[in-house]
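Peer 1: model the structure of this input:
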Amino acid sequence: MERLKSHRDFVTVLKRRRKVSDKDIVVHYLVRGDSLVMGEADGLGRRIGLAVSKSVGHAVTRNAVKRRFRVLARRYESSLPESCDVVMRAKPSAAHADFASLDHQVASLFAAVSRKTAKRDR
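Peer 2: Residues are numbered from 1 along each chain as shown. Modelled structure (predicted):
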C-alpha cells in the first residue's frame with residue numbers, strides 16, 4: 001500500500017466528506033475514479049494516510065498508534081477497492097485501545113468502505 005504524501009492529497013480526501021467511524025478510528029475515503037482532481041495519482045493503487053493528533057498523546061504514544069495502524073492497514077488493504085485513497089484518523093481513545101479491538105474495528109471499517117463504494121458503483 002502506498003502512502004499519501006502531500007498535503008493536497010490529504011485535503012482532497014478529507015474534503016469529500018465520505019467517512020465511516022467506530023469507537024477509536026475514523027476512516028475518510030475517496031475512490032479516485034469519481035474525483036474531478038486526479039492529477040498525478042491516476043495510475044496508483046490504494047494509498048493510505050495517517051492522522052494522529054496531539055490529543056492522542058505524546059510523541060511516543062502517537063508513534064505507537066501509527067505503527068499499529070500501518071500493520072492493520074496492510075492486513076486488510078485487500079478488502080478496499082482498487083484506486084482508493086484512505087485517511088485513518090485516530091480518536092484520543094485509540095491510545096488506550098488494545099490491539100485486538102483496533103484489529104476488529106479496522107476490519108469492519110474497511111469492509112464498510114468496500115460495501116459503500118460497491119453500492120455507489122451499481
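
Peer 1: how far off centre is the strand or helix carrying Leu109?
Peer 2: Assigned by DSSP states H and E, Leu109 belongs to helix 99-121. In terms of CA atoms, centre = their mean, to the nearest Å, the centre of helix 99-121 is found 10 Å from the chain centre.

Peer 1: buried residues in that helix?
Peer 2: Residues 101-103, 105-106, 109-110, 112-114, 116-117 are the ones in helix 99-121 that count as buried (16 or more other CB atoms under 10 Å). Where you see a C-beta, it was placed from the backbone N, CA and C, and this is true even at glycine.

Peer 1: what average pLDDT does it get?
Peer 2: Averaging pLDDT along helix 99-121 gives 93.

Peer 1: helices or strands up against it?
Peer 2: In terms of contacts (3 or more CB pairs under 8 Å, 6 or more residues apart in numbering; DSSP states H and E), helix 99-121 is packed against strand 19-21, strand 25-31, helix 59-76, strand 84-90.
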